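Enquirer: Show me how the following folds:
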Amino acid sequence: MAGLGSRGGASGLIAQEKLEVLWGSRGNPRDWALRRGELIDVQRIIAEVRKSLDSLKEALQEVKEDIDEINAQILEIEERLNAVEQNINDLEAEMQALQVRIDAAEDSLTQLEQDISLITDELGEVGGDVTQLQIDVSHLQTDLTALTARVTANEADITQLEIDVNELEAGLPSLTVTADLNTAVRNKEFQWSNTSTNTPLAASFGRGWTVASSANDLTQFGVINTTGQTYVRFRTGGTWGAWQNLIDLYAAPFADQINPGATPFPAGYTAIPFFTSNELSGGITLTGNITFTVPIAGIYMFETGIRIVGGGSGQPPPGTLLGLSTDTTTTPTVLRAGYSTTGVVSTGTGATSLIRLVCMERLAAGAQRRIYFYNGGGAAYQLANAGVKITRLSA
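Expert: Got it, this is the predicted structure:
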């Protein structure tokens, strides 16, 4: 309205003055005539006023349109403000929910700290158990290593057993030469040549077999190809024993004369040299000595065959007692009870007596024995044979 007053203030005032002049002296014709021109001016002014009013209307319309546009903008702003307010309300609600979650998280964190403290205490208590468990694991690893070695060995044994079973089922067409009989520790046959080692007889050819309880406890038999002599030896606790002659095929084991005629046996006890079935050399060997050192513990048999002619000059009279006794290196004065044997010269002048004397004794390895011949006569007598054979019978 202020704009309206300012736009038409001067024109309105002029019109008002002219109207007062026009109508102020209505009853005067002369004045009326005079003022008729003024009326035209007033009409013109009114027309101008109308134009001004039309302009004003247009201005007002524009203002109205501006106001409508501003109102629309205000309405949009209000809607946006309402949306912002709603967002603020939503955010406040979310912040309240978040605060609740934060409070719950703080409670959980407090509980977690308590749990961590408890777990730390329990870990301290478990530390000793972990150390013991590590020790147990180490022991298990050691046991596993040993078990793996045993499995490997068993696999090798199974493989060899399969080979052995196949060989037993099919029958071996021939035997390969074993270079060292100490390696023939399985239950099977073998053969050796003159270059093989640990054989019953050096530089010999032969065949044999093994009877084993294990690789460390077994029995080996060996047969010489050319003579048929049979030997046996044992392995106990991993230690080999010497070969022993089982079958002696020599025709005359006592053929050599040990006591020649120039050296007759005097009366009493005389230690005599001996033949021995030597376990190391593998045959009957004239040792030429009178002291026997036991090579391997066991039961030993001492035997001699005496051939003597009695009744003649320089010969024992019939009925003379002859004996064999095993004793220490000290010459005895009597026959050793339980370890001696005796025989009697046959009656008749010129009669030949063949007396076999045998003694047995269990001896430890390293023990020493001498074999004494006892002449019960009153003088020295000549014996055709007086050799002693020593054999280990068993362990």
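Enquirer: helix or strand right after the longest helix seen in the chain?
Expert: Assignment by DSSP state H gives helix 36-170 as the longest helix of the chain. In the C-terminal direction, the helix or strand that comes right after helix 36-170 (DSSP states H and E) is strand 189-192.
Enquirer: Just the CA atoms of the following helix or strand past that next one, as CSV, please.
Expert: Per DSSP H and E, the first helix or strand lying C-terminal to strand 189-192 is strand 206-214. Output in CSV follows, covering the C-alpha atoms of strand 206-214 (Å, rounded to 0.1, in the frame of the first residue of the first chain):
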residue,chain,number,x,y,z
GLY,A,206,80.8,-127.9,1.0
ARG,A,207,77.1,-127.5,1.6
GLY,A,208,75.0,-126.9,4.7
TRP,A,209,71.9,-125.5,6.2
THR,A,210,70.8,-123.2,9.0
VAL,A,211,68.2,-123.8,11.7
ALA,A,212,67.5,-120.4,13.4
SER,A,213,65.4,-119.1,16.2
SER,A,214,66.6,-115.7,15.3
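Enquirer: From the contact counts, what lies against strand 206-214?
Expert: Where contact means 3 or more CB pairs under 8 Å, 6 or more residues apart in numbering; DSSP states H and E, strand 206-214 is packed against strand 189-192, strand 217-224. Where you see a C-beta, it was placed from the backbone N, CA and C, and this is true even at glycine.
Enquirer: Can you check which of these gets nearest to residue 79?
Expert: Set against residue 79 and scored by CB to CB, the helices and strands packed on strand 206-214 come closest in strand 217-224, at 108.4 Å.
Enquirer: For residue 173, find the nearest of the helices and strands packed on strand 206-214.
Expert: Comparing those by CB to CB, strand 189-192 comes nearest, at 12.1 Å.
Enquirer: Flag every buried residue along the closest one.
Expert: Neighbour counts over strand 189-192 (16 or more other CB atoms under 10 Å) mark 190, 191, 192 as buried.
Enquirer: Let me see the residues that make contact with it.
Expert: If you take CB atoms under 8 Å, 6 or more residues apart in numbering as the criterion, strand 189-192 is touched by 172, 175-178, 181, 184, 199, 204-210, 222.
Enquirer: related to what we said a few turns ago, and the longest helix of the chain, what's its mean pLDDT?
Expert: For helix 36-170, mean pLDDT rounds to 82.
Enquirer: what's the offset of that helix from the middle of its chain?
Expert: With CA atoms, centre = their mean, to the nearest Å as the basis, helix 36-170 stands 52 Å off its chain's centre.
Enquirer: sorry, back to before: closest to residue 379 out of the buried residues of strand 189-192?
Expert: Using CB to CB, residue 192 is the member of the buried residues of strand 189-192 that lies nearest residue 379, at 53.2 Å.
Enquirer: Can you tell me the closest non-neighbouring residue to that closest one?
Expert: Spatial nearest neighbour of residue 192, excluding adjacent residues (CB to CB, 6 or more residues apart in numbering): residue 199 at 5.0 Å.
Enquirer: ok, now which ones touch that neighbour?
Expert: Residues in contact with residue 199 (CB under 8 Å, 6+ apart) are 181, 192, 206, 222, 243.
Enquirer: Let me know how buried the last one is, in neighbour terms.
Expert: Applying other CB atoms under 10 Å, we find 24 residues neighbouring residue 243.
Enquirer: is it true that it touches residue 200?
Expert: Yes - the pair residue 243 and residue 200 passes the contact test of CB atoms under 8 Å, sitting 4.2 Å apart.
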